[in-house]
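>>> Here is my input, please return the structure:
(one chain, ligands or ions: 2)
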Amino acid sequence: MQRTNLSDLGEFGLIDRIKGKTENVQPSTIMGIGDDAAVIDSGSHYTLLASDMLVEGIHFDLSYTPLKHLGYKAVAVNVSDIAAMNGFPKQITVSLGLSNRFSVEAVDEIYEGIHAACKNYQVDLVGGDTTSSKSGLIISVTALGEVAKEAVVYRKGAQPNDVLCATGDLGAAYFGLQILEREKQVFMENPNMSPELKDHEYLVGRQLRPEGRTDIVHELRDRNVVPTSMIDISDGLASEVLHLSAHSGMGFSVFVDNLPIENQTLLAAEEFKVNPITAVVNGGEDYELLMTISQKDYEEVKGIPEITPIGFVTKEKNNILVTKSGEHVPITAQGWKHLED
Ligand code: ADP
Ligand code: MG
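Ligands and ions are numbered 1, 2, ... in the order given. You can find the predicted model right below:
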């Protein structure tokens, strides 16, 4: 019997393999495995369904993650996947794996964050599951959302000459994590030192308490604009551009000079001696939206201050970063090493 290591396949390879062996039989399944959320025909509209699991030691470190923020984030990352389909979240379920290390008060704190997110996104918590765990905390959220049938947006659909746009700013969450990890090291070496997070509140906040961009979905709807393709930026810009490219069968040119990067991110990049572009392209957890807008609609989108044009779609399936000096750097899954040397 053949034995293949999971690492040989990678996360995306594994999902593709599962997808390849999956057959849908329900006519109401409009989109199954492979996009940010599943799309289900509910008659008058489409229902969206997304699920994300956060695992202690993999996705979060409780030595610097307040439980309230963790609860909030577990909801926000699912809201982000619903927003990536141009939809609005409506209900969530929350499933917890808890070891006996956790107290009732700790669970209360997680739910304080979950309830705060529910209030902010106008989502109802309608169920879940609770189990014990031997290996720390696991929190899995499933979100149900809705979108008008004519407004659903997939990872596929980008057309040549569409404008590639990103919301908010990118790269901040990566440095937030670097700062938290650094302060953890300092604290472990000298427990009398108190962490220096004050100067870095924005970056740390972006890491610990991201938001799903439902506000952008509202803005687009108010302007009657439906992007031609969309994905949320959870794994770094390179990974998401490659997803849009693979699904749409198009190429993308991204202008490094146009990338929306906050001043605080640039300062942290200097401090950590990391190219800020590397953080944007290969970092992660920004939970912004990456979308393509037709030339015709772009005039309307220009009025939304939180949306920045960062490139365009090409018929040739070539994905490149165009640097300030005009150099073309291929966008690969591994990303961006090239420019650093
Ligand atoms: P995202 O980063 O947007 O949450 P993922 O990369 O986690 O997306 O998932 C991509 C697609 O694969 C989604 O449609 C998701 O539902 C599906 N998927 C992920 N893991 C599994 C699994 N174990 N079984 C079936 N489908 C999965
Ligand atoms: Mg996603």
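>>> Might you report the residue contacts of the residue lying closest to residue 159 once chain neighbours are set aside?
Take residue 159 and drop its neighbours on the chain: the residue closest to it by Cβ to Cβ, 6 or more residues apart in numbering is residue 228, 5.6 Å away. (Each C-beta comes from the backbone N, C-alpha and C, glycine too.) Residues in contact with residue 228 (Cβ atoms under 8 Å, 6 or more residues apart in numbering) are 153, 157-159, 162, 291-294.
>>> and residue 228, what pLDDT?
pLDDT recorded at residue 228 is 98.
>>> how close does it get to residue 250?
Separation of residue 228 from residue 250 (Cβ to Cβ, to the nearest Å): 10 Å.
>>> Spell out which residues are contacts of both of those two.
Counting by Cβ under 8 Å, 6+ apart, the shared contacts of residue 228 and residue 250 are 158-159.
>>> quick one on the thing from earlier: so which of the contacts of residue 228 belong to strands?
Taking DSSP state E as the definition of strands, the contacts of residue 228 contribute 291-293.
>>> wait, which of those residues is closest to ligand 1?
The closest of those to ligand 1 turns out to be residue 291 (Cβ to the nearest ligand atom; 14.1 Å).
>>> Pairing partners for the closest one in the sheet, please.
Beta bridges link residue 291 to residue 165, residue 230 when assigned by DSSP bridges.
>>> Where does pLDDT dip in the stretch 101-250 of the chain?
Within the stretch 101-250 of the chain, the stretches with pLDDT under 70 are 194-196.
>>> repeat that for 90
Applying pLDDT under 90 to the stretch 101-250 of the chain flags residues 135, 185-199.
>>> Tell me where it has helices.
For the stretch 101-250 of the chain, helices defined by DSSP state H, counting those that start in this stretch occupy the ranges 104-121, 172-189, 201-208, 214-222, 237-248.
>>> closest one to ligand 2 among these?
Counting by Cβ to the ion, ligand 2 lies closest to helix 237-248 out of the helices of the stretch 101-250 of the chain; the figure is 8.1 Å.
>>> gap between that closest one and the chain center?
When C-alpha coordinates are averaged (Cα atoms, centre = their mean, to the nearest Å), helix 237-248 and its chain have centres 13 Å apart.
>>> Which strands or helices does whichever helix or strand comes after it pack on?
As assigned by DSSP states H and E, the chain's next helix or strand after helix 237-248 is strand 251-255. Counting contacts by 3 or more Cβ pairs under 8 Å, 6 or more residues apart in numbering; DSSP states H and E, strand 251-255 packs against helix 237-248, strand 307-314, strand 319-322.
>>> Columns distance to ligand 2 and mean neighbour count on top of those, output as TSV?
Shown next, in TSV, are those (distance: least, Cβ to the ion, whole Å; neighbours: other Cβ atoms under 10 Å):
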stretch	distance to ligand 2	mean neighbour count
helix 237-248	8	22
strand 307-314	18	21
strand 319-322	18	21
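>>> Which strand or helix spans the closest residue to ligand 2 within the stretch 1-150 of the chain?
Sorted by distance to ligand 2 under Cβ to the ion, the residues of the stretch 1-150 of the chain start with residue 36, at 3.8 Å. Using DSSP H and E, residue 36 sits within no helix or strand.
>>> hmm, back to that, possible to save the ones in strands among the contacts of residue 228 as a markdown table with distance to residue 127?
Formatted as a markdown table, the ones in strands among the contacts of residue 228 follow (distance: Cβ to Cβ, whole Å):
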| residue | distance to residue 127 |
| --- | --- |
| 291 | 32 |
| 292 | 36 |
| 293 | 37 |
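>>> Specify the beta-bridge partners of the residue nearest to residue 328 when sequence neighbours are not counted.
Nearest residue to residue 328 in three dimensions, chain neighbours excluded: residue 320, at 4.7 Å (Cβ to Cβ, 6+ apart). Note on residue 320: beta-bridge partners residue 253, residue 330, judged by DSSP bridges.
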